[in-house]
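Colleague: build me a model:
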Amino acid sequence: MSVTLSAVADAKSLPAGWATGVLSDYIVRPEYGYTDSASDDPSGTKFLRITDIQDGQVDWSTVPYCDCPAEVLASKRLMPGDVVVARIGATTGKSFYIESTPEEAVFASYLIRLRAKRDVFLPRYLYYYMQSDAYWTHIDQHKGDRLKGGVNIGVLESLPVVVPPLPYQARIVALLDIVLAAGRFEAMCEARTVELGRAVLSELFTYGLRGEDLKETGIGEMPVSWNPRPIKDLCSIWSGGTPRKSDPAFWEGDIPWVSGKDLKAAVLDNAIDHLSEEGIEAGSRLAPEDAVLLLVRGMGLAKDLPVAVISRPMAFNQDVKALVSRGEVSGRFLREAIYAGKDRLLHQIARSAHGTMTLNLNDIETFEIACPKDSTEASEIVTIRELIDAKANLHKRKAQLLADVLGSLLEELLAGALRLDDFDLDVLPASEQGLEEAIV
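Modeller: As a prediction, the model looks like this:
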C-alpha cells in the first residue's frame, strides 16, 4: 500500500491542520465532454480529444475544431486550471492539466472535466494528486465495474483525498513543478540531441570529414575519394527464425532473440525475448557481436527503417536479416551508412495483398552505401555518432531519474510523511529561464 493511500485510511497520522475527504467535497460538479465531429477547417471552437494529449502535453496548433453552440460553450469551455481525465480506452484515468487554452476550446466526450474549488483546493495540487498511487489504486479498483473498463463522474468524485492547508498546497506544488520542469527539460534535450544526430548523419555521408570536393554518383553527392559500395560486397546476409513456442525449454535462456519490436535504437544491447542454446539450434540463428540487424518484413517499415548494430551475440527471427561484415567496415559504420541512405531503401518496399511490407533480398544485396577510401575517416564518423548517442542517453537517464524522484516526492509529500521544512526552497530557480540556466 502506498504512503499516500495509508494516510487517507488513517487521518490521525496526518500533520495538524490537514484534512481527509472525498474529491466531490473539493471540486465543482464535473462535466462530461461534448459529442461532435472534429474538423480541420480552422473555424469554430477548438475541440480537445484524448488523442491530442501526447506525453502529458498538447500542441494546440494541431487540435481540430468543432461546431459548438453558445449554450454548450458556456458549460463546457475549458479554462486555465481545469483538469481533464480520460474516461475510457487505453489511457483510462490519465489526466491533463490545462495551463492555457486558445480563446475558445471545449473537450470531447471521452474526457471528463474537473474544476477545483480554489478556496480550499489548488488546481495544480489536484493534478498532482491524480498522479499518485492512491489515485491509480482507486481507478484500478473501480474501472473494471464500468462498461468497457472506463470510469465515470461517480468514480472520480468518490476518490479519497488528503488535503493540507492551502498555503502548504502551494509550497508542495512549487517543489513538484520544479522537478517536473527539470525532467521535461532533460527529455527535450534528449529529443533535440537525437535530431542533431540525424542531421549530422546526413552531413557526414555527403561531405565527409576531410573537406574534399564532391562528386555526383548514382546515390547522390559524396567526397571525391569515396565510392558507392553494394551491401553484398561488404557483408554476408544471414536469415533467422523462430523456435517452437510450444516448447518452453527453448524460451528459458538468456540469449537475446530480436524481432521487429526490438529495433528502436542504433545500438541494441538486449531484446524483449530470450532463447536457450537449444532454442537457437532448433529454429533460429546466432548473429555475432557487431552484426547489423535489419527488419525486412512487417509494419515497422511503414514509418522508418528499423536497423541496429548489436553489442553482443543475439538470435533473431525470420522477419530480420543479419548483415555480418567481412571486415572491411565495422558494423556501426555499416548501420550508419545504411540509415543515412534509408529513403532509397524504403522506396524498394513491396506491399503484399494483405498489407504486409517487405524488403526483398535482392534489393538489400544491391543497395549501395557511401564508403570512404580511408578507413580512419570511417572510424572517426563512428566516433562522432557514438558521442552524440552518449549525450542523448545521458539526457534520457537524467529524465528517468527525475521522473523517479518526482514520483517518490509526490507520494511522501501528499501523505505529510515528508515535510517541506526539510528542504531549502530558496535555492530553487524562480522561473523556467532560471531553471534552464541552473541545469545548463
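
Colleague: mind listing the helices for the stretch 1-150 of the chain?
Modeller: In order along the chain, the stretch 1-150 of the chain carries the following helices (DSSP state H, counting those that start in this stretch): 3-9, 70-76, 123-129, 133-143.

Colleague: where does pLDDT dip in the stretch 51-200 of the chain?
Modeller: Judged against pLDDT under 70, the low-scoring parts of the stretch 51-200 of the chain cover residues 144-149.

Colleague: what count of nearby residues applies to residue 235?
Modeller: Here the number of neighbours of residue 235 (other C-beta atoms under 10 Å) works out to 20. All C-beta atoms are positioned from the backbone trio N, CA, C, and that covers glycine.

Colleague: out of the helices of the stretch 1-150 of the chain, deepest packed?
Modeller: Each of the helices of the stretch 1-150 of the chain was given a mean neighbour count from mean count of other C-beta atoms under 10 Å, and the largest, a mean of 22, is that of helix 123-129.

Colleague: which strands and helices sit next to that helix?
Modeller: When contacts are defined as 3 or more C-beta pairs under 8 Å, 6 or more residues apart in numbering; DSSP states H and E, helix 123-129 sits against strand 83-86, strand 95-97, helix 166-207, helix 375-415.

Colleague: give me the contact list for it.
Modeller: Residues lying outside helix 123-129 but in contact with it, judged by C-beta atoms under 8 Å, 6 or more residues apart in numbering, are 26-27, 81-83, 95, 97, 114-116, 135, 161-162, 169-170, 172-173, 176-177, 410, 414.

Colleague: if we can go back for a sec, in CSV, list the helices of the stretch 1-150 of the chain along with distance to residue 254.
Modeller: As requested, the helices of the stretch 1-150 of the chain are arranged in CSV below (distance: least, C-beta to C-beta, whole Å):
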stretch, distance to residue 254
helix 3-9, 36
helix 70-76, 54
helix 123-129, 40
helix 133-143, 32
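
Colleague: which among these is found nearest to residue 215?
Modeller: Evaluated over the helices of the stretch 1-150 of the chain, closeness to residue 215 peaks at helix 123-129, with 57.8 Å, by C-beta to C-beta.

Colleague: so what's the residue nearest the centre of the chain closest to, chain neighbours aside?
Modeller: Central residue check for the chain by C-alpha atoms, centre = their mean: the C-alpha nearest the mean position is that of residue 55, 6.9 Å away. Setting aside the residues directly before and after it, residue 55 is nearest to residue 187 in space (C-beta to C-beta, 6 or more residues apart in numbering), at 8.0 Å.

Colleague: and the one you found, how many residues sit next to it?
Modeller: Other residues near residue 187 number 19, with proximity taken as other C-beta under 10 Å.

Colleague: can you give me every residue that contacts it?
Modeller: When contacts are counted by C-beta under 8 Å, 6+ apart, residue 187 is found next to 55, 395, 396, 399.

Colleague: for residue 345, same thing?
Modeller: When the contact criterion is C-beta under 8 Å, 6+ apart, the partners of residue 345 are 305, 338, 359, 363, 364, 367.

Colleague: and the host helix or strand of it, what's buried?
Modeller: Assigned by DSSP states H and E, residue 345 falls within helix 342-346. Buried positions in helix 342-346, judged by neighbour count with 16 or more other C-beta atoms under 10 Å: 344, 345.

Colleague: cool, stretch 201-221 as well?
Modeller: For stretch 201-221, using 16+ other C-beta under 10 Å, the buried residues are 201, 204, 205, 208, 209, 219.

Colleague: return the closest of these with respect to residue 89.
Modeller: Using C-beta to C-beta, residue 201 is the member of those that lies nearest residue 89, at 36.8 Å.

Colleague: for stretch 26-38, output the C-alpha coordinates as PDB.
Modeller: Extracted C-alpha coordinates of stretch 26-38, given in PDB (Å, rounded to 0.1, in the frame of the first residue of the first chain):
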ATOM      1  CA  TYR A  26     -13.300  19.900  -3.100                       C
ATOM      2  CA  ILE A  27     -14.400  20.300  -6.800                       C
ATOM      3  CA  VAL A  28     -17.400  21.700  -8.500                       C
ATOM      4  CA  ARG A  29     -19.700  19.300 -10.300                       C
ATOM      5  CA  PRO A  30     -17.600  17.500 -13.100                       C
ATOM      6  CA  GLU A  31     -18.700  17.600 -16.700                       C
ATOM      7  CA  TYR A  32     -18.700  15.000 -19.500                       C
ATOM      8  CA  GLY A  33     -17.400  16.300 -22.800                       C
ATOM      9  CA  TYR A  34     -19.200  17.400 -25.900                       C
ATOM     10  CA  THR A  35     -20.100  14.900 -28.700                       C
ATOM     11  CA  ASP A  36     -19.400  16.200 -32.200                       C
ATOM     12  CA  SER A  37     -17.300  15.500 -35.300                       C
ATOM     13  CA  ALA A  38     -13.800  17.000 -35.400                       C
END
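
Colleague: and that stretch, what's its mean pLDDT?
Modeller: Mean pLDDT, taken over the full extent of stretch 26-38, equals 96.

Colleague: low-confidence ranges in the stretch 251-400 of the chain?
Modeller: In the stretch 251-400 of the chain (pLDDT under 70), no residue qualifies.

Colleague: how about the helices in it?
Modeller: Secondary structure of the stretch 251-400 of the chain, counting by DSSP H, counting those that start in this stretch: helices at 277-283, 331-340, 342-346, 361-365, 375-415.

Colleague: for the fourth one, name the packing helices and strands.
Modeller: Packed against helix 361-365 by the contact rule (3+ C-beta pairs under 8 Å, 6+ apart) you find helix 231-234, strand 235-239.

Colleague: one more: the first one?
Modeller: Applying 3+ C-beta pairs under 8 Å, 6+ apart, one finds that helix 277-283 contacts strand 255-258.

Colleague: repeat the analysis, applying 10 Å as the threshold.
Modeller: strand 255-258, strand 273-275, strand 314-316 (3 or more C-beta pairs under 10 Å, 6 or more residues apart in numbering; DSSP states H and E).

Colleague: and of those strands, who's closest to residue 19?
Modeller: Between residue 19 and the helices and strands packed on helix 277-283, the shortest gap by C-beta to C-beta is with strand 273-275, which sits at 49.7 Å.

Colleague: partners of that closest one, with directions?
Modeller: Strand 273-275 has the following sheet partners, assigned by DSSP bridges: strand 255-258 (antiparallel).

Colleague: contact partners of the partner strand?
Modeller: Defining contact as C-beta atoms under 10 Å, 6 or more residues apart in numbering, one finds that strand 255-258 is touched by 240-243, 250-251, 262, 268-277, 279-280, 284, 286-287, 293, 295, 308, 310-317, 319-320, 322.

Colleague: that older thread, how near is the residue nearest to residue 55 to residue 328?
Modeller: Separation of residue 187 from residue 328 (C-beta to C-beta, to the nearest Å) stands at 39 Å.
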